[in-house]
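Q: Using only what follows, build the 3D model:
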Amino acid sequence: MANVKDIHSCWPEKNPSPLTLKGKKEVRVVVQKLKSKKVDFIFSSDLLRTKQTAEITGKELKIRPKYDKRLREVNVGIFNARPVKEYKKELPNLEKRFKVKAKGGETYSEVKKRMFDFLKDIDKRYKGKNILVISHQAPLVLLEAKVKGIPNSQVFKIFPKEKRIKTGELRKLKP
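A: Residues are numbered from 1 along each chain as shown. This next block holds a predicted model:
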């Protein structure tokens, strides 16, 4: 719903943003692909839309999702629940967002670190297991960049808008 309204929705969820009917359909399509894979665990952001995604997925795969706040959307601080265009006006340069944050928010570097800390943690705890991670576009792009060793200055050149993870997309993360 946040995408439809073109507003930011991060923690705390001032205006909870549920999945739309289209979003639920997209999740069900991906779940069908997952049924042929071996998934041992599901980890998800604890924001409403990702929790709903994890619940639909978990029900179909018969796996109880685990929620982790490190998988949350980028904290945009004072721009939470406000139009995306306001945030983009304040911080138009994607590369600068690695060092500059909105008041009360976090930088892309901080997001990248918390996502990678999550990955290192689950890798240590669940060695050899197949883990499905349900999160948000920007945090997942930043995690993929970190795993692949892509420098901050190149992240959005290598992942322009059309190559970033899409709603309901399934992508295998490999180093």
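
Q: ok, the residue at minimal distance from the centre of the chain to Asn75 distance?
A: For the chain, His136 is the residue whose C-alpha lies nearest the centre (Cα atoms, centre = their mean; 1.9 Å). According to Cβ to Cβ, to the nearest Å, His136 stands 11 Å off from Asn75. Every residue, glycine included, has its C-beta placed from N, CA and C.

Q: ok so, going back, now for the residue nearest to the centre of the chain: which residues touch it?
A: Going by Cβ atoms under 8 Å, 6 or more residues apart in numbering, His136 touches Ser45, Leu47, Thr50, Leu71, Arg72, Glu73, Val74.

Q: among these, which two are most distant?
A: Thr50 and Val74 (13.2 Å; Cβ to Cβ).

Q: residues in contact with Asn93?
A: Contact criterion Cβ under 8 Å, 6+ apart gives no residues in contact with Asn93.

Q: same thing with Met115?
A: Taking Cβ under 8 Å, 6+ apart as the definition, contacts of Met115 comprise Arg70, Leu71, Ser135, Pro139, Leu140, Leu142, Leu143, Lys146.

Q: Tell me if I'm right that Leu71 and Ile42 touch.
A: No: in this structure, Leu71 is not within contact of Ile42 by Cβ atoms under 8 Å, at 11.0 Å.

Q: Identify the bridge partners of Ile7.
A: Beta-bridge pairing for Ile7 (DSSP bridges): Pro83.
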